[in-house]
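Asks: after the sequence you'll find the predicted model.
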Amino acid sequence: MQDIAIQIKDLKKSYKELHALKGVNINIPKGEFFGLLGPNGAGKTTTINILTGLVFKNSGNCFVFGKDTVDDYRYTRSKIGIAAQELSVDWFFSIEKLLFFQAGYYGINRTDAKNRIEQLLKKLGLDKKKNSRLRQLSGGMKRRFQIAKALVHDPEILILDEPTAGVDVELRHELWDYLKELHSNGKTILLTTHYIEEAELLCDNVSIIDEGKILKEGSPKKLTEDLGKSGVTVQLAQGIDELKIPTLEKNYSIENSRMHFSVKNPELAIPQIIQELTSENITIHSIKTETSSLEDVFLELTGKSLNE
Amino acid sequence: MINWVGLYTLTSREVGRFFSVYRQTVIPGLISSVLYILIFGFTLEQRISEIQGVSYTMFILPGLIMMNTLTNASSNTSSSMLQMKLLQQLPDLLTAPLSGLEISLAYIIGGTIRGMVNGILVLLVGIVLIDLPVNNPAGTLLFIFLVSWAFSSMGLVMGQIAESWDQLAMIQNFFLTPLSFLGGVFYSIKMLPDWAQNLSYFNPIYYMINGIRFMILEKSDSPVSISLWMAILLTLLFTSLAIIMMQSGKRIKQ
C-alpha cells in the first residue's frame, strides 16, 4: 500500500475563459487530516470534483494510493467516500433505503451492508429517522446523512466539501468530534473549508488556495508562525517614555504604560520579555497575547479575507 | 469486470422508483387505454364497420399497446436522468465505481421494465374487455420488449441532453407524441392520400405499430420482417448512442 493517499500533480482546469485551476499540486500522506482552505470560488470544489470523477480536467493527474483516478477509476473511487457540499434531494425512498443503494453502487450487497448502515445511522443520530424521506429531515440531519452516505462503504479516504457550511454551532462541534474520531481510527481526511477555526482545530496540514493556485502549504501552526504576526501587549504599572531592549529581536512600540511587541512565536517571546523588563526594574501589570490565525496568513498572502 | 451488485442495485432503484409512484407511472396509461377503447372504439365502431377485416376497437388496440409502451419506456429514463441531474443525485453515481455501461444498462433495463409492464397491462385490458385474440404471444412480447428497450434507450439519450423539464417536454410533445399518433394507431395508412402514406414510411413508430398489430391480429400495412428489423435497428442505434454518451460523460459532467 502506498504511503501517499492522494497525490495531485499540476492539475489545470478552465471553464471557457475562466481558469479555475492553474496547476494545483497536493500530496496527502495516508492517515493525514488535510485541509484545503480558500474563499468561495478559489478552486477547492473543482479540485475534489476532478479527483472524484465529477469534472473533466484539462491537464495534470490525480492519484489515489498510486493509481490514476481516470485509468483505475474503479479502484480509486472505491477508496474514497465523499460528502458533497450541495445536499441532494430524493422524493422516493427512505434514508435507510438510500444508504443501501449507496452501498450497492460500491459493490456491497444488502446483507453485508446491513450492520454497517445500522451502526452509521445510530452513530450519527439518524436511527429514529431511518424510515423518513430526505425532505422530512432538518438541515443538520441532512448534513449528517451526507456523511453517513460517504462512509457507507467504509472508505479509507473521506472527502468533505464544506461539511459544516450552514450548520449551527452545536452540530458543528458534534461533527468536528466525529471527524476527529474517524481520523484517530486511521481515515485519511481531505476537508475543504473557508472556516479558519475548522482548519486550525482539525487539520494536520493545510494548503491555502486562491484563484486556482496553491499559495502556501504546511501545518496551521507553522504557517501562522512563518507568516502570521502575533502580538504581545504588556501593560506596565507606570508609564515610561523610552526603553531599549537590544536582545529582543522584534520591533516593539511604547505608548505611555503600554508596550506592544510584534513576534512570530508569542510562547517563546513572553518569558524573554518578562526577563528583560524585570531586569530593568519595570513592574508588569498584565500581559495579553493576540495569536495570529490562518486568516492573518491568508490576508498576508492575498491581501483579502477568506470570506470575501 | 462488471460491477454486478452495482448494476443490480441501480436497476432495482430505477424499478422501485416508478413502482413507488405507480399512480403516476402505471395507472394513467391503463385508464387512458380503457377510455380510448370505450370512447373511440365503441362510438366510432358504429360508423367504421371494419378495418382490414377486424372491428375498429380491435384494430386500434395494438397501436395503443405500442403507444403506451414507448411513451412509458422513454419517459422513465428521460425523467429519471433529468431528475438526478437537477436534484444533485447524479454525483452519487458518478463518484461510485460504476462504468458508463453499467449506469446505462441499469437505466435502460428500468425503463424497459416500465414499458413492458404498461404494454402488457393494456394487452390484458384488450383480452379482458374486447376478447382480443393474440395470434402470436411470443412475437407480441418480443415486440413489446424491443420497443421498450429501444425507447428506454432513446429516453436516456433525451435525459442526458435535456437541461430542464421544459426541454424534455418539448421533445416529447413535439416529436414523440405526434409520431406515435401519425404512426397509424387509429387508422390504416392505406386510408391516407399517397403523399401521406409515403411520409409515414419515414416514421419509425409506424413499423412498431404494424409489427405488433401483425403479431396480435395478423394484419399489417407493411411486411412484419421490415417491422422486426426496424425494431432491432432502433434498439441497437439508441442503445449504442445512450451508452456512448454516458461513457463520454460530456452531457452529465463539466
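Replies: Perfect, I can see it now.

Asks: where does the stretch 101-250 of chain A have low pLDDT?
Replies: By pLDDT under 70, the low-scoring segments of the stretch 101-250 of chain A are A:228-229, A:243-250.

Asks: which parts of it are strands?
Replies: Using DSSP state E, counting those that start in this stretch, the strands of the stretch 101-250 of chain A run over A:157-161, A:188-193, A:205-210, A:213-218, A:230-236.

Asks: what would those strands look like in a markdown table with distance to chain B?
Replies: Bear in mind the C-beta positions are built from the backbone N, C-alpha and C, glycine included. Output for the strands of the stretch 101-250 of chain A, formatted as a markdown table (distance: least, CB to the nearest CB, whole Å):
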| stretch | distance to chain B |
| --- | --- |
| strand A:157-161 | 9 |
| strand A:188-193 | 13 |
| strand A:205-210 | 18 |
| strand A:213-218 | 20 |
| strand A:230-236 | 41 |
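
Asks: quick one: which of those strands is nearest residue A:33?
Replies: strand A:188-193 (4.7 Å; CB to CB).

Asks: pull the CA atoms of the closest one into CSV?
Replies: Coordinates of each C-alpha in strand A:188-193 appear next as CSV, following Å, rounded to 0.1, in the frame of the first residue of the first chain:
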residue,chain,number,x,y,z
THR,A,188,-7.3,9.9,5.7
ILE,A,189,-9.5,13.0,5.5
LEU,A,190,-9.5,15.8,3.0
LEU,A,191,-11.6,18.7,4.1
THR,A,192,-12.4,21.9,2.1
THR,A,193,-13.4,24.8,4.2
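
Asks: ok so, going back, list just the one of the strands of the stretch 101-250 of chain A that sits closest to residue B:217.
Replies: Per CB to CB, nearest to residue B:217 of those: strand A:157-161, 58.5 Å.

Asks: quick one: contacts for residue A:54?
Replies: By CB atoms under 8 Å, 6 or more residues apart in numbering or on different chains, the contact list for residue A:54 reads B:91, B:94, B:95, B:253, B:254.

Asks: about what we covered before: could I get the strands of the stretch 101-250 of chain A in a markdown table, plus columns for mean neighbour count?
Replies: Shown next, in a markdown table, are those (neighbours: other CB atoms under 10 Å in any protein chain shown):
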| stretch | mean neighbour count |
| --- | --- |
| strand A:157-161 | 24 |
| strand A:188-193 | 25 |
| strand A:205-210 | 23 |
| strand A:213-218 | 18 |
| strand A:230-236 | 18 |
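
Asks: tell me which of these sits nearest to residue A:262.
Replies: Proximity to residue A:262, assessed across those by CB to CB, is greatest for strand A:230-236 (5.9 Å).

Asks: quick one: the closest one to chain centroid distance?
Replies: Counting by CA atoms, centre = their mean, to the nearest Å, strand A:230-236 is centred 30 Å from the centre of its parent chain.

Asks: okay, the contacts of residue A:54 in TSV with distance to chain A, pLDDT and secondary structure next?
Replies: TSV is the format used below for the contacts of residue A:54 (distance: CB to the nearest CB, whole Å; pLDDT from 0 to 100; DSSP: H, G, I helix; E, B strand; the rest coil):
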residue	distance to chain A	pLDDT	secondary structure
B:91	6	92	helix
B:94	5	95	helix
B:95	4	95	coil
B:253	6	87	coil
B:254	5	80	coil
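
Asks: and these, which two are furthest apart?
Replies: Farthest apart among the contacts of residue A:54 by CB to CB are B:95 and B:254. That separation is 13.7 Å.

Asks: the more surrounded of those two?
Replies: residue B:95 (24 against 13; other CB atoms under 10 Å in any protein chain shown).

Asks: what sits against the nearest residue to the more buried one once chain neighbours are set aside?
Replies: Closest residue to residue B:95 apart from its sequence neighbours, by CB to CB, 6 or more residues apart in numbering or on different chains: residue A:52 at 4.4 Å. Applying CB under 8 Å, 6+ apart, we find residue A:52 in contact with A:69, A:77, A:80, A:82, A:159, B:91, B:94, B:95.

Asks: repeat that for residue A:53.
Replies: A:69, A:70, A:73, A:77, B:94, B:95, B:253.

Asks: near chain A, which residues of chain B?
Replies: Within chain B, the residues that sit near chain A (CB under 8 Å from any CB of the partner chain) are B:3-6, B:8-10, B:12-13, B:16-17, B:20-21, B:87-89, B:91-99, B:249, B:253-254.

Asks: any of the residues you listed buried? List them.
Replies: Among these, those buried by neighbour count (16 or more other CB atoms under 10 Å in any protein chain shown) are B:3, B:5-6, B:8-10, B:12-13, B:17, B:89, B:91-99, B:249.

Asks: so which of these belong to helices?
Replies: Judged by DSSP state H, the subset of those located in helices is B:5, B:6, B:8, B:9, B:10, B:12, B:13, B:17, B:91, B:92, B:93, B:94.

Asks: please identify the helix or strand for the spatially closest residue to the fifth one that is not a sequence neighbour.
Replies: Once its chain neighbours are removed from consideration, residue B:10 has its nearest residue in residue B:106; the separation is 3.5 Å (CB to CB, 6+ apart). Counting by DSSP states H and E, the element that carries residue B:106 is helix B:100-130.

Asks: could you check the angle helix B:100-130 makes with the helix or strand that that helix is followed by?
Replies: The first helix or strand that comes after helix B:100-130 along the chain, using DSSP H and E, is helix B:137-161. Helix B:137-161 and helix B:100-130 are oriented at 130 degrees to each other (axes from the mean of the first three to the mean of the last three CA atoms, to 10 degrees).

Asks: just to revisit the earlier point, tell me the buried residues in the helix holding residue B:106?
Replies: Those would be B:100, B:102-123, B:125-126, for helix B:100-130 by 16+ other CB under 10 Å.

Asks: same question for that helix, mean pLDDT?
Replies: Across helix B:100-130, the average pLDDT comes to 95.

Asks: which strands and helices sit next to that helix?
Replies: Here helix B:100-130 touches helix B:4-20, helix B:27-35, helix B:56-86, helix B:137-161, helix B:224-248, going by 3 or more CB pairs under 8 Å, 6 or more residues apart in numbering or on different chains; DSSP states H and E.

Asks: can you put these in TSV and add distance to residue A:170 and mean pLDDT?
Replies: Shown next, in TSV, are these (distance: least, CB to CB, whole Å; pLDDT from 0 to 100):
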stretch	distance to residue A:170	mean pLDDT
helix B:4-20	34	95
helix B:27-35	46	90
helix B:56-86	32	93
helix B:137-161	41	96
helix B:224-248	42	95
